[in-house]
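Novice: Any chance you could fold what I've pasted below:
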Amino acid sequence: MRLRARLLGLISVGFISLSVALVALHLHSQAWASRQAAQIFGNTTYVIGNEYAAQMATLVDGVHDEPYLYVEYAGRYAYGDFNGDGLKDAAVIVTESGGGTGNWYALAFLINDGEKFVHRASRVLDDRAIINSMREKNGKVLIDMFVHQEGDCRAGPTKRVRNTYAYDGPDRWGEIEGSPYQRIYTDGAKAFQEIYVTPIPAQIRETFDRTIQSHENCSEDGCAFTVVDGEKQVGIFTKKFIVVGLGPSDSGGISATLVFEGSLVSFSLEMDDRGGGRYELRSMAELPGPLGEAFIRLLQNPAYQRYWL
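Specialist: Residues are numbered from 1 along each chain as shown. Predicted coordinates for the structure are as follows:
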């Protein structure tokens, strides 16, 4: 009897040890998969926008940070064949903030082109949604989450839903028929090249040159706008700048987003088209919030030196 009890005890201990080992192996496997996903999806290019305006955002270590756009990989993903071509695709949740209090959650479909995952479509979930889980089901994505309902505060959604999302083809981002200036945002040298193939950036510089002449009575502390150059405040019209956003204004002129050399903030510029290639400065305002460190490092890259005016 004692021998039998001892054998049973050893078997029991063996089963417990095996169970603990299997659990540990499962947790290790999950952790490895999460790290691999973060490496892939946290360094992918996403397109943020709609049919009127689109901005490419390349994440680095899970984050894209520039004026008026902060995008972050939320750590949620699911694999599946979402377009039916036999290749493994991915669905990823990212968050987007445009500088205000909103923090929008979106489901991004990353389609496998045979070599890499490419962002092809998005589905908006909710502002500050609470994601409980997500998984692939029959070639679609099933998300269990809390979203807002009437009476909820913005930070506390209380309506629980289990929604299914299907990939039904690529989104049409930034396709504006008849618009001479689609709103373009910076994402590497290609986007800068698209902005600078128009004569508008140079005409902005010419407009500033004319504006300086009308500010001859500026004090040493600068004019209407100043930036820090070392320890001294200097007029912003005398500084180099780079055009990081360009599009039509509501008044029929040009709207641009500028970053001036030495400034830690960006500026919104409105210009009226006076005809004959001449533009007149309507208004310029400092945009709220400092520039992201990653964006500043991007503009300091030698590849972008030729874009500074």
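
Novice: Find the helix or strand that the closest residue to residue 88 other than its chain neighbours is a member of.
Specialist: Of all residues not flanking residue 88 in the chain, residue 79 sits nearest, at 5.5 Å (Cβ to Cβ, 6 or more residues apart in numbering). All C-beta atoms are positioned from the backbone trio N, CA, C, and that covers glycine. Assigned by DSSP states H and E, residue 79 falls within strand 69-80.

Novice: Show the secondary-structure elements that the very next helix or strand once past that strand is packed against.
Specialist: The C-terminal neighbour of strand 69-80 among helices and strands, as given by DSSP H and E, is strand 89-97. Using 3 or more Cβ pairs under 8 Å, 6 or more residues apart in numbering; DSSP states H and E, the elements in contact with strand 89-97 are helix 2-41, strand 69-80, strand 104-112, strand 117-127, strand 130-137.

Novice: residue ranges with poor pLDDT in the stretch 201-309 of the chain?
Specialist: Within the stretch 201-309 of the chain, the stretches with pLDDT under 70 are 210-238, 289, 292-295.

Novice: What are the boundaries of the strands in it?
Specialist: 226-229, 232-235, 241-248, 254-260, 266-275, 278-286 (DSSP state E, counting those that start in this stretch).

Novice: Could you export those strands as JSON lines, including mean neighbour count and distance to residue 138?
Specialist: Below are these laid out as JSON lines (neighbours: other Cβ atoms under 10 Å; distance: least, Cβ to Cβ, whole Å):
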{"stretch": "strand 226-229", "mean neighbour count": "16", "distance to residue 138": "56"}
{"stretch": "strand 232-235", "mean neighbour count": "16", "distance to residue 138": "62"}
{"stretch": "strand 241-248", "mean neighbour count": "22", "distance to residue 138": "41"}
{"stretch": "strand 254-260", "mean neighbour count": "22", "distance to residue 138": "44"}
{"stretch": "strand 266-275", "mean neighbour count": "17", "distance to residue 138": "45"}
{"stretch": "strand 278-286", "mean neighbour count": "14", "distance to residue 138": "50"}
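
Novice: nearest to residue 33, of those strands?
Specialist: strand 241-248 (36.6 Å; Cβ to Cβ).

Novice: Pairing partners for the closest one, with directions?
Specialist: strand 184-185 (antiparallel), strand 254-260 (antiparallel) (DSSP bridges).

Novice: of all those strands, which lies closest to residue 132?
Specialist: For these, proximity to residue 132 was assessed by Cβ to Cβ; strand 184-185 is nearest, at 32.7 Å.

Novice: The helix or strand hosting residue 55 pairs with which strands?
Specialist: Using DSSP H and E, residue 55 sits within strand 54-58. Strand 54-58 pairs in its sheet with strand 45-49 (antiparallel), by DSSP bridges.

Novice: Now the partner strand - C-alpha only, CSV.
Specialist: Coordinates of each C-alpha in strand 45-49 appear next as CSV, following Å, rounded to 0.1, in the frame of the first residue of the first chain:
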residue,chain,number,x,y,z
THR,A,45,3.2,52.5,-42.8
TYR,A,46,-0.5,53.2,-42.3
VAL,A,47,-2.7,55.6,-44.3
ILE,A,48,-4.8,57.8,-42.1
GLY,A,49,-7.6,59.7,-43.6
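
Novice: So what's the model's average confidence on stretch 123-136?
Specialist: The average of the pLDDT scores along stretch 123-136 is 91.

Novice: who does residue 140 bridge with?
Specialist: In beta-bridge terms (that is, DSSP bridges), residue 140 pairs with residue 137.

Novice: need the contact list for it.
Specialist: Residue 140 sits next to 80, 82, 164, 165, 166, 167 when contact means Cβ atoms under 8 Å, 6 or more residues apart in numbering.

Novice: do that again at 7 Å, thanks
Specialist: With contacts defined as Cβ atoms under 7 Å, 6 or more residues apart in numbering, residue 140 is in contact with 164, 165, 166.

Novice: can you confirm the first one is in a strand?
Specialist: When you say that, I think you mean residue 164. Yes. Using DSSP: H, G, I helix; E, B strand; the rest coil, the assignment for residue 164 is a strand.

Novice: re earlier: just curious, which of the contacts of residue 140 is nearest to residue 279?
Specialist: Of all these, residue 279 sits closest to residue 165, with 44.6 Å by Cβ to Cβ.

Novice: how far away is the residue nearest to residue 273 when sequence neighbours are not counted from residue 119?
Specialist: Excluding its sequence neighbours, the residue lying closest to residue 273 (Cβ to Cβ, 6+ apart) is residue 253, at 4.9 Å. With distances taken as Cβ to Cβ, to the nearest Å, residue 253 is found 33 Å from residue 119.

Novice: Report the contact partners of the nearest residue to residue 102 once chain neighbours are set aside.
Specialist: Closest residue to residue 102 apart from its sequence neighbours, by Cβ to Cβ, 6+ apart: residue 127 at 4.9 Å. By Cβ under 7 Å, 6+ apart, residue 127 lies in contact with 102, 103, 104, 148, 154.
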